[in-house]
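Participant: Sequence and computational prediction follow.
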Amino acid sequence: MCLGALISAGVDFDCLKKELAKLPVEGYVLRLEKVKRNGIAAVNVFVDQVEKNQPERRLDEIERIIDISTLPEVVKEKSKAVFNRLAMAEAAVHDTAPNQVHFHEVGAVDAIIDIVGTVSGLYLLGVDLVYASPLPMGKGFIKCMHGIIPSPAPATLEILHNVPIYGTGFEVELVTPTGAALISTLAEGFIDLPAVIVQKIGYGAGKKIMKHPNLLRLIVGSLNSDIY
């Protein structure tokens, strides 16, 4: 959803692919699809894995992949900060050390592309500050590598300490651990929409079809200097 929203808001898809190609990661193809959700035009981005058996990487392996890339230093540092937040949460949930966490879903190539791609997309857009609204939570149960777990996932809640959340009543996972780590690491705060001069708007589509529009909306603009 993050990548789709960024492309919808103006990030050039080919430029983003060139940036991600700087990572020493193979076995995937990045593609996009223009869709509509409840009549709203959006972009859905897919990370198709050519090699299905992706390794279960640890934090130090992921950091090494990022460090040896030729990405801008600010993109490297923010991407590693997101993965560190994930590792800390997973370690707390599983009662282990962060550097001993074996990432399953988040260690696969699609999560690496999602995280580094999101940070790179914001960099390409020239975004200086990120703010977000409170985050919606689903309920019920979800299936993961560890089996059936409650929604929100324990790692998601662990990541979202001191972040405002609210229940929606939908029996689905609305915020993943990867999404939670991205927004909680990159956002300066979780607030109502500030006084902003809107320049671009993007909609990223989720993979699941729901009754409500399963979209992430990105508003790009400049803060109103008369107020801030």
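Facilitator: Thanks, I have the structure now.

Participant: Counting neighbours, what do you get for the residue lying closest to Ala132 once chain neighbours are set aside?
Facilitator: Nearest residue to Ala132, sequence neighbours excluded (Cβ to Cβ, 6 or more residues apart in numbering): Ala187, at 4.5 Å. For glycine as for every other residue, the C-beta is placed from the backbone atoms N, C-alpha and C. A count of neighbours around Ala187, defined by other Cβ atoms under 10 Å, yields 16.

Participant: The residue nearest to the spatial centre of the chain: helix or strand, and which one exactly?
Facilitator: For the chain, the residue whose C-alpha lies nearest the mean C-alpha position (Cα atoms, centre = their mean) is Gly179; its distance is 3.9 Å. Using DSSP states H and E, the secondary-structure element containing Gly179 is helix 177-186.

Participant: what's the spacing between that helix and its chain's center?
Facilitator: Centroid separation for helix 177-186 versus its chain: 6 Å, with Cα atoms, centre = their mean, to the nearest Å.

Participant: among the helices and strands of the protein, which has the poorest mean pLDDT?
Facilitator: With mean pLDDT, DSSP states H and E as the measure, the helix or strand of the chain carrying the lowest mean pLDDT is strand 141-144 (a mean of 84).

Participant: pLDDT weak spots in this structure?
Facilitator: 51-54, 102-107, 146, 225-228 (pLDDT under 70).

Participant: where exactly do the strands run in it?
Facilitator: Secondary structure of the chain by DSSP state E: the strands cover 28-37, 40-49, 131-132, 135-137, 141-144, 147-150, 165-167, 189-190, 196-205, 215-223.

Participant: export those to TSV and tack on mean neighbour count and distance to Arg85?
Facilitator: As requested, the strands of the chain are arranged in TSV below (neighbours: other Cβ atoms under 10 Å; distance: least, Cβ to Cβ, whole Å):
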stretch	mean neighbour count	distance to Arg85
strand 28-37	14	23
strand 40-49	17	21
strand 131-132	16	15
strand 135-137	18	15
strand 141-144	13	18
strand 147-150	11	19
strand 165-167	12	16
strand 189-190	14	15
strand 196-205	17	21
strand 215-223	17	19
